[in-house]
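Student: predicted coordinates and the sequence they were generated for:
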Amino acid sequence: IRSWPTSTTTHCILPAVVIEMMWTALVLVFTKHSRHAHLVPRLPTSLISASVSPIALLLSIRANQALNRLLEARKAWGLMGRCIRSITGVLTAYCVIGDDEVENGETSLRLVENSLLAMRYLSIFGWTMKATFREEDDTGIIRCVLPSAEAEWLLSARVKRPIAIIARVRSLIRDICTCQGTPMPPTMNLVLEERLY
């Protein structure tokens with residue numbers, strides 16, 4: 001009940017619920033206080049009990065559909081987590097830990113910086129997804145994790161933040177894979193693109 005004022009579902013169904021409650025109250029007041037209450041037809045109990053079973057069946061089907069949607073969302077969230085771990089693992093193995101193969105120190109530093117920046121973006125991806133779905137403010141986590149210039153870019157992005165994060169990570173991975181002397185094999189670019197997709 002405490003979450004009703006901020007719930008989007010409540011805002012969607014509240015007008016219909018209020019109208020139904022007002023109509024029910026009106027009918028109850030009319031039937032209780034009217035001189036013509038005896039004219040209101042009474043429904044036989046058998047007719048009411050016959051309609052209960054289909055309604056119960058429809059409600060259970062509706063509950064099953066809601067549970068199926070919840071299961072799909074949990075699977076998608078789990079897949080997102082596995083893809084993020086996979087991308088960060090590849091970037092760590094090839095660019096952060098395995099950067100000894102790069103002879104040029106400046107290139108090596110750029111590879112490590114881009115890899116770590118991509119990992120920072122990926123680490124806040126789940127937070128921004130949650131904030132997008134729940135219409136919450138994720139500014140604090142973005143400012144805490146990202147460098148100030150990157151945080152300002154993300155906060156001023158015209159698209160939703162999860163989409164902006166994927167675009168930025170894709171750009172950083174492109175820079176990593178096209179950098180001269182990168183220790184990452186060309187096939188890993190395809191693997192990372194599949195994970196991002």
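Tutor: Yep, that arrived.
Student: most centrally placed residue in the protein?
Tutor: The chain has Met129 as the residue nearest its centroid, 4.1 Å off, counting by C-alpha atoms, centre = their mean.
Student: okay, that residue and Ile141: tell me how far apart.
Tutor: 12 Å (C-beta to C-beta, to the nearest Å). Backbone N, C-alpha and C define where each C-beta goes, glycine included.
Student: can you check Ala76 too?
Tutor: For Ala76, the distance to Ile141 (C-beta to C-beta) stands at 21 Å.
Student: okay, those two: which has more neighbours?
Tutor: Between Ala76 and Ile141, Ile141 has the larger neighbour count (other C-beta atoms under 10 Å), namely 17 against 11.
Student: which residues does the more buried one contact?
Tutor: Taking C-beta atoms under 8 Å, 6 or more residues apart in numbering, we find Ile141 in contact with Ile124, Trp127.
Student: what about it, which SS state?
Tutor: helix (DSSP: H, G, I helix; E, B strand; the rest coil).
Student: now swap in the one 10 residues further on and tell me
Tutor: When states are read from three-state DSSP, the local structure at Ala151 comes out as helix.
Student: that older thread, could you measure from the residue nearest to the centre of the chain over to Trp153?
Tutor: Distance check for Met129 against Trp153: by C-beta to C-beta, it reads 18 Å.
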